[in-house]
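Chemist: After the sequence you'll find the predicted model.
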Amino acid sequence: MSQAATASSATISHSARRGGNLGDLIFEWACRGSGLLVLVLLGAIIIELFIAGLPAFRAFGIDFIWSTDWDPVQEVFGAGVSIYGTIVTAVLAIFLAVPLAFGVAFYLTELAPTWLRGPVGTAIELLAAVPSIIYGMWGFFVIAPAFAAHIQPWIIDNAGELPLIGFLFQGAPFGTGIFTASFILAIMILPFIAATMRDVFQQVPPVYKESAYGLGATTWEVMRGVVLPYTRISVVGGIMLGLGRALGETMAVTFVIGNANRISTSLFGPGNTIASLVALEFGESETGSLKLASLLALGFILFVLSFIVLATSRYLLRSRLKA
């Protein structure tokens with residue numbers, strides 16, 4: 001009887017182990033398939049954009065990247081103006097957003113009372129949930145008129161004649177333009193950068209900060225001498241993550257940048273970005289036309305820029321996690 005029971009238990013155990021192994025195998029290959037599917041989709045998108053934009057690269061050569069021409073009538077196209085607008089608005093947005101994001105993260109991790117950290121952090125993160133078209137409408141109907149009536153005239157009067165940098169603040173105060181687009185972008189990327197900074201600041205071992213406080217350091221000295229050196233790589237990664245977000249923004253920028261195909265030396269002048277130009281011109285492009293190929297070539301360039309920036313940010317963030 002005991003031998004039969006033992007054999008039966010062994011059979012059941014073997015069947016359960018075989019069933020468990022089969023389930024583990026299915027789960028393993030499902031996870032692998034999901035990961036490979038993401039890579040395949042990513043590769044398919046970039047290959048499709050390159051192939052679709054190849055007629056533009058063949059027609060204009062490498063000059064397409066820095067040419068400032070965009071004439072649908074003569075079918076002469078260039079990416080120079082939109083690339084310039086994309087980079088300038090994104091970089092300026094980073095300059096505007098980073099100090100505020102650092103202040104928010106510093107307050108939430110070092111100064112705010114415990115009961116206030118949750119509500120303030122949630123309020124900042126909710127900014128990321130606002131649709132971009134809402135930001136664009138708010139910028140066009142509220143921010144642009146306020147800039148035109150008050151902010152830009154004051155800056156033009158006080159900074160327009162400064163040596164070396166005065167040309168950046170000259171021109172007519174229309175309200176819309178590169179500076180306004182950068183301001184809206186700064187508000188949109190603020191939650192991403194602030195949340196990253198807050199999370200990495202909280203990863204600093206408490207004993208490091210307590211040791212600094214024990215030596216008589218102030219809160220700012222602890223932040224400058226302990227927290228920032230410990231988290232600098234991840235902070236830069238978070239900033240790059242915000243930069244990647246700013247590079248591809250479309251609707252909000254389209255509302256307020258002015259949508260003029262020219263390079264303006266003034267930050268108050270109109271311009272365009274790759275995303276805004278594609279959004280405006282794509283609906284008017286005929287299938288198989290050189291204009292459509294040029295727009296898809298712009299999409300390929302934007303994809304490459306965003307991929308480089310986001311890959312760099314992920315590498316920097318991962319290096320801190322490994323450390």
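Modeler: Nice, thanks for sending it over. Residues are numbered from 1 along each chain as shown.
Chemist: Every contact and neighbour count from this point should use C-alpha atoms.
Modeler: Fine.
Chemist: separation between the spatially closest residue to Phe303 that is not a sequence neighbour and Leu243?
Modeler: In this structure, Phe303 finds its nearest non-sequential neighbour in Ile46, 7.3 Å apart by CA to CA, 6 or more residues apart in numbering. Per CA to CA, to the nearest Å, Ile46 is found 20 Å from Leu243.
Chemist: ditto for Val88
Modeler: Using CA to CA, we find Val88 at a distance of 11 Å from Leu243.
Chemist: Ok, Ile151 next?
Modeler: Counting by CA to CA, the gap from Ile151 to Leu243 is 25 Å.
Chemist: Which one of those two is surrounded by more residues?
Modeler: Taking neighbours as other CA atoms under 10 Å, Ile151 and Leu243 compare with Leu243 leading, 27 against 15.
Chemist: What helix or strand is the more buried one located in?
Modeler: Leu243 is located in helix 228-247, with elements delineated by DSSP states H and E.
Chemist: List the buried residues of that helix.
Modeler: 228, 230-247 (16 or more other CA atoms under 10 Å).
Chemist: which residues of the chain fall in strands?
Modeler: Residue ranges of the strands in the chain, as given by DSSP state E, are 70-71, 76-77.
Chemist: Highest mean neighbour count out of those strands?
Modeler: strand 76-77 (a mean of 20; mean count of other CA atoms under 10 Å).
Chemist: quick one: Met137 from Val253, how far?
Modeler: Taking CA to CA, one finds Met137 at 10 Å from Val253.
Chemist: what's the closest of the strands of the chain to Thr219?
Modeler: strand 70-71 (53.4 Å; CA to CA).
Chemist: Direction included, what does that closest one pair up with?
Modeler: In the sheet, strand 70-71 lines up against strand 76-77 (antiparallel) (DSSP bridges).
Chemist: mean confidence for the partner strand?
Modeler: Averaging pLDDT along strand 76-77 gives 92.
Chemist: quick one: contacts of it?
Modeler: For strand 76-77, the external contacting residues (CA atoms under 8 Å, 6 or more residues apart in numbering) are Phe60, Phe64, Ser67, Thr68, Asp69, Trp70, Asp71, Lys291, Ser294.
Chemist: Can you select the buried ones from those residues in PyMOL?
Modeler: Under the burial definition 16+ other CA under 10 Å, those of the contacts of strand 76-77 that qualify are selected in PyMOL by:
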select buried, resi 64+67+68+69+70+291+294
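Chemist: Make TSV out of the contacts of strand 76-77 and add pLDDT and distance to Phe300.
Modeler: TSV is the format used below for the contacts of strand 76-77 (pLDDT from 0 to 100; distance: CA to CA, whole Å):
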residue	pLDDT	distance to Phe300
Phe60	90	15
Phe64	91	13
Ser67	89	16
Thr68	90	18
Asp69	90	18
Trp70	91	17
Asp71	88	20
Lys291	92	14
Ser294	93	10
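Chemist: Export the contacts of strand 76-77 to CSV and append columns for distance to Gly33.
Modeler: Below are the contacts of strand 76-77 laid out as CSV (distance: CA to CA, whole Å):
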residue, distance to Gly33
Phe60, 40
Phe64, 38
Ser67, 42
Thr68, 44
Asp69, 44
Trp70, 43
Asp71, 45
Lys291, 37
Ser294, 34
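Chemist: Going by distance to Pro173, which of the contacts of strand 76-77 wins?
Modeler: Thr68 (24.3 Å).
Chemist: Tell me how far the closest one lies from Glu125.
Modeler: According to CA to CA, Thr68 and Glu125 sit 38 Å apart.
Chemist: can you pull the buried residues of stretch 290-307?
Modeler: Neighbour-count burial for stretch 290-307 flags 290-303, 305-306 (criterion: 16+ other CA under 10 Å).
Chemist: Helices - which of those residues land there?
Modeler: Counted as lying in helices by DSSP state H, out of these, are 290-303, 305-306.
Chemist: Max pairwise distance over the residues you listed: which two?
Modeler: Once CA to CA is applied, these give Leu290 and Ser306 as the farthest pair, at 24.2 Å.
Chemist: hmm, back to that, surely the residue nearest to Phe303 touches Ile301?
Modeler: No: the pair formed by Ile46 and Ile301 falls short of the contact definition of CA atoms under 8 Å, at 9.6 Å.
Chemist: With that, I have no additional questions.
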